[in-house]
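Provided below are the primary sequence and the corresponding predicted coordinates.
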Amino acid sequence: MTDQISPSVRVFERAAGHEQVVYCHDEPTGLRAIIAIYSTVLGPSLGGTRFFPYADEQDALDDVLNLSKSMAYKAALAGLDLGGGKAVIIGDPVTTKTEALLRAYGRFVQSLNGRYYTACDVGTYPADMDHVARDCSFVTGRTAAHGGAGDSSVLTAFGVFQGMRAAADSTWGSPTLAGRTVGVAGVGKVGHHLVRHLLEEGADVVISDVNAATVARVQHEHPHVRVVADVNSLIAEPLDVYAPCALGAALDDEVVESLSAAIVCGAANNQLAHAGVEKSLQDRGILYAPDYVVNSGGLIQVADELEGFSFERARQRTEKIFDTTKRVFALAGEDGVPPAAAADRLAERRMAEVGRLRKIWLA
Ligand SMILES: NC(=O)c1ccc[n+]([C@@H]2O[C@H](COP(=O)([O-])OP(=O)(O)OC[C@H]3O[C@@H](n4cnc5c(N)ncnc54)[C@H](O)[C@@H]3O)[C@@H](O)[C@H]2O)c1
């Protein structure tokens, strides 16, 4: 019988390693969502809700499985008592997002009784989380008016900047980016904050973005920033640092081959297009600061809501990304592996060591 099942429906095989995958369907509102919980070994899973017009359900499933696993590793390395989860809502947020759909989604999240906390991601915003929270207690990333942490990109960018300083320290012996040329691909919510940090530090910044209005906004705020036509032109520039801050899979064989930068450090999730790219980067002498290590500031920011949000406490935790990134590079050197593999080892070590403590029964 098993052989007659199409590979597309081997859902248990595809979700191997995950604790739970939940399919949420509400026909009247058009809600079709998948919630994936990779791990709750360190605590409840937390991860954003991506609202995206996936080409098909398999793309949506693959995305939520990859993203939820990354969240578990991100939370572990950020030192949080949180596991990893993520959700996707299939559809165009511009045309299909309604109050009723978001609230239906909230009721499904509520039904998990705290095994999964949601937040914003691509296509969802703090105001959406306010709607979700009307039917659900397990929501972060709400607006400040509703007790939330608001826009998480502020600390995401600050954390990426800390990771970049750590990479500069390891590469050039000093954590400053002053006088370095940094190429930022994608100057949306995170990218434009990153540009500000870099300029304040005294770096030269070159940007590209497919959205002309977004580019115009950055140019208006920072007239000294140089703009190039597209990502390929940016990659061809003489750069010291390349910061992918748009979509995933930004680093493929071609990009690695043509990059002049000594460091890659950016906000985008899942930057490595396929297994092996981390090794190609190392072979070319490019120091890669693993994405989920340096972009955890947003997670730290929304997780702080669970303690009653304090921006200053979250900022201080985010600053530690500098030390964590240095630890990753140090382990990579000791073990003779690329930084991406070293980051996975450190995250898995914490999940095993701290997760094991739950075996000590507390009455
Ligand atoms: N917002 C957060 O707190 C956060 C946290 C962790 C990771 N991330 C990741 O960081 C990345 C950026 O997030 P964001 O919140 O700034 O998103 P965003 O949508 O605000 O910005 C992304 C920008 O990239 C641009 N873009 C898209 N395709 C491009 C291309 N081919 N070339 C150049 N520019 C392109 C878009 O026009 C947009 O301006 C995403 O990968 C996201 O998953 C974000």
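Done, it's in. Numbering: from 1, shown residues only.

tell me the contacts of residue 337?
For residue 337, the contacting residues are residue 345, by Cβ atoms under 8 Å, 6 or more residues apart in numbering. C-beta coordinates here come from the backbone N, C-alpha and C atoms, glycine included.

looking at this, it is in a strand?
No - with the criterion set as DSSP: H, G, I helix; E, B strand; the rest coil, the secondary structure at residue 337 is coil rather than a strand.

ok, now how distant is it from residue 279?
From residue 337 across to residue 279, the span is 9 Å (Cβ to Cβ, to the nearest Å).

go on, residue 160?
Between residue 160 and residue 279 the distance is 23 Å, computed by Cβ to Cβ.

Check which element follows the helix or strand encompassing residue 278 along the chain.
Here residue 278, judged by DSSP states H and E, is contained in helix 277-283. Past helix 277-283, further along toward the C-terminus, the next helix or strand under DSSP H and E is strand 287-288.

Give the pairing partners of that following strand; include direction for each.
Sheet neighbours of strand 287-288, with direction, are listed as strand 263-264 (parallel) (DSSP bridges).

Distance from the chain centre to the partner strand, please.
On the basis of Cα atoms, centre = their mean, to the nearest Å, the separation between the geometric centre of strand 263-264 and that of its chain is 17 Å.

so does that strand get close to the ligand?
No - Strand 263-264 lies apart from the ligand when judged by Cβ under 6 Å from any ligand atom; the minimum separation is 13.9 Å.

what is the rounded mean pLDDT of that strand?
For strand 263-264, mean pLDDT is 98.

mind starting the numbering at 55 from now?
From this message on, residue numbering opens at 55, which makes the last subject strand 317-318.

mind checking how far the residue lying closest to residue 328 once chain neighbours are set aside is from the ligand?
Excluding the flanking residues, the one nearest residue 328 by Cβ to Cβ, 6 or more residues apart in numbering is residue 306, at 7.3 Å. For residue 306, the distance to the ligand (Cβ to the nearest ligand atom, to the nearest Å) stands at 13 Å.

got it, and residue 385?
In terms of Cβ to the nearest ligand atom, residue 385 sits 23 Å off from the ligand.

Settle this for me: that residue is touching residue 398, isn't it.
No - look at residue 385 against residue 398 with Cβ atoms under 8 Å: they stay out of range, at 10.3 Å.

what about the helices in the stretch 55-204 of the chain?
Counting by DSSP state H, counting those that start in this stretch, the stretch 55-204 of the chain has helices at residues 65-68, 111-131, 147-150, 153-165, 180-186.

any idea which helix or strand comes after the last one?
Counting by DSSP H and E, the next helix or strand C-terminal to helix 180-186 is helix 207-226.

what residues does the very next helix or strand once past that next one touch?
Reading on from helix 207-226 to the C-terminus, the next helix or strand found by DSSP H and E is strand 235-239. Where contact means Cβ under 8 Å, 6+ apart, the residues beyond strand 235-239 that reach it are 218, 245, 248-249, 252, 257-263, 285, 288-289, 291-300, 304, 315, 320.

Which residue is it, in the stretch 255-404 of the chain, that comes closest to the ligand?
When distances are taken as Cβ to the nearest ligand atom, the stretch 255-404 of the chain approaches the ligand most closely through residue 352, which lies 2.9 Å from it.

Could you check how many residues crowd around that residue?
Here the count is done by other Cβ atoms under 10 Å, and residue 352 has 30 residues near it.

Ok, the one 10 residues further on next?
Burial of residue 362, expressed as a neighbour count using other Cβ under 10 Å, amounts to 8.

What separation is there between whichever residue of the stretch 155-304 of the chain sits closest to the ligand and residue 194?
With Cβ to the nearest ligand atom as the measure, the residue in the stretch 155-304 of the chain that lies nearest the ligand is residue 242; the distance is 1.9 Å. Using Cβ to Cβ, we find residue 242 at a distance of 20 Å from residue 194.

okay, those two: which has more neighbours?
Of the pair residue 242 and residue 194, residue 194 is the one with more neighbours under other Cβ under 10 Å, namely 25 against 17.

any idea of the pLDDT on the residue nearest to the spatial centre of the chain?
Nearest residue to the geometric centre of the chain (Cα atoms, centre = their mean): residue 323, 4.3 Å. Predicted confidence (pLDDT) at residue 323: the value is 90.

what residues are up against it?
Residues in contact with residue 323, defined by Cβ under 8 Å, 6+ apart, are 121, 124, 302, 345-346, 349.

where does it land in three-state SS?
Reduced to three states with three-state DSSP, the structure at residue 323 is coil.

Show me what from the protein comes close to the ligand.
Counting by Cβ under 6 Å from any ligand atom, the residues of the chain lying close to the ligand are 176, 206-207, 210, 239-245, 262-265, 268, 285, 299-302, 321-323, 349, 352.

got the CA coordinates for stretch 266-276 in CSV?
Taking only C-alpha atoms (Å, rounded to 0.1, in the frame of the first residue of the first chain), the coordinates of stretch 266-276 have been written out as CSV:
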residue,chain,number,x,y,z
ALA,A,266,11.5,52.0,-5.9
ALA,A,267,9.5,53.7,-3.1
THR,A,268,11.5,51.9,-0.5
VAL,A,269,14.8,53.0,-2.1
ALA,A,270,13.5,56.6,-2.4
ARG,A,271,12.7,56.6,1.3
VAL,A,272,16.2,55.6,2.3
GLN,A,273,17.8,58.1,-0.1
HIS,A,274,15.6,60.8,1.3
GLU,A,275,16.7,59.9,4.9
HIS,A,276,20.4,59.3,3.9
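
what number of residues lie near residue 230?
Neighbour number of residue 230 under other Cβ under 10 Å is 13.

Can you give me the pLDDT of it?
In the predicted model, residue 230 carries a pLDDT score of 98.
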